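[1] missing the sequence, but the structure's below:
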């Protein structure tokens, strides 16, 4: 029985490996966030690494992340240059435009942005397209697969609620959650994201490590 605890396929060992991978990916994502401009490439690599690790890629989180970062650096950086200002504008509208008549419009834009945001980086990692086509596809898939999109949003909100509750009730554990960071959410939504993208992924398409699918 004790020997079984150290079996690499044991649930406890698998959970420990997953947590370790999430911590590693969070550290790498944080490094890509420091220059700001490369944060989009870091997000793309995070979603790609989560998918590959959950798909039994055994190269290790660091190697997968760096390979994906290199592969997606150019287009993902261009995507971030478009997406980040939109997000900043939405936040600024809530802070600096407290106009009741604009509340509905601002809510609509915020909702669309939040729902589409995860798809941008996943679509970039999975398909070879131009920047504008990737953005268009992310919007189309997010809306076409709305039940999955809402499920992904619920997972984001649920983990966010856990963090807030930990902050208020168990602050001694907050450092551990911060160590896991946003990749904790990414690893949580990956199975549902894969179901959302399933109809768009070509059957039998080779999944070459470090290279996005078409």
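    Cool, got the structure. Bear in mind the structure is a predicted one, so any value in this text is a computation, not a measurement. Numbers count the residues shown, from 1 in each chain.

[2] pLDDT below threshold where in the chain?
    Across the chain, residues meeting the criterion (pLDDT under 70) sit at 1-10, 202-214.

[3] 50 - rerun?
    1-6, 203-214 (pLDDT under 50).

[4] and the helix or strand that residue 71 is a member of, what does it pack onto?
    In this assignment (DSSP states H and E), residue 71 forms part of helix 61-96. Under the contact definition 3 or more CB pairs under 8 Å, 6 or more residues apart in numbering; DSSP states H and E, helix 61-96 sits against helix 11-33, helix 39-54, helix 103-126, helix 131-144. In short, each C-beta sits where N, CA and C put it, glycine included.

[5] quick one, that helix and helix 11-33 angle?
    Here the directions of helix 61-96 and helix 11-33 differ by 60 degrees (axes from the mean of the first three to the mean of the last three CA atoms, to 10 degrees).

[6] got the angle for helix 61-96 vs helix 103-126?
    170 degrees.

[7] So for helix 61-96, what gets flagged as buried?
    61, 64-65, 67-69, 71-73, 75-80, 83, 93 (16 or more other CB atoms under 10 Å).

[8] most tightly surrounded among the helices and strands packed on helix 61-96?
    helix 39-54 (a mean of 26; mean count of other CB atoms under 10 Å).

[9] so how far is that one off the chain centroid?
    Helix 39-54 sits 7 Å away from the centroid of its parent chain (CA atoms, centre = their mean, to the nearest Å).

[10] And for stretch 162-173?
    22 Å.

[11] Report the contact partners of residue 156.
    114, 118, 185, 189 (CB atoms under 8 Å, 6 or more residues apart in numbering).

[12] make it 6 Å
    residue 185 (CB atoms under 6 Å, 6 or more residues apart in numbering).

[13] quick one: what helix or strand has it in it?
    Counting by DSSP H and E, residue 156 is found in helix 146-169.

[14] That helix vs helix 131-144, what angle?
    Per the same axes, to 10 degrees, the angle that helix 146-169 makes with helix 131-144 is 90 degrees.
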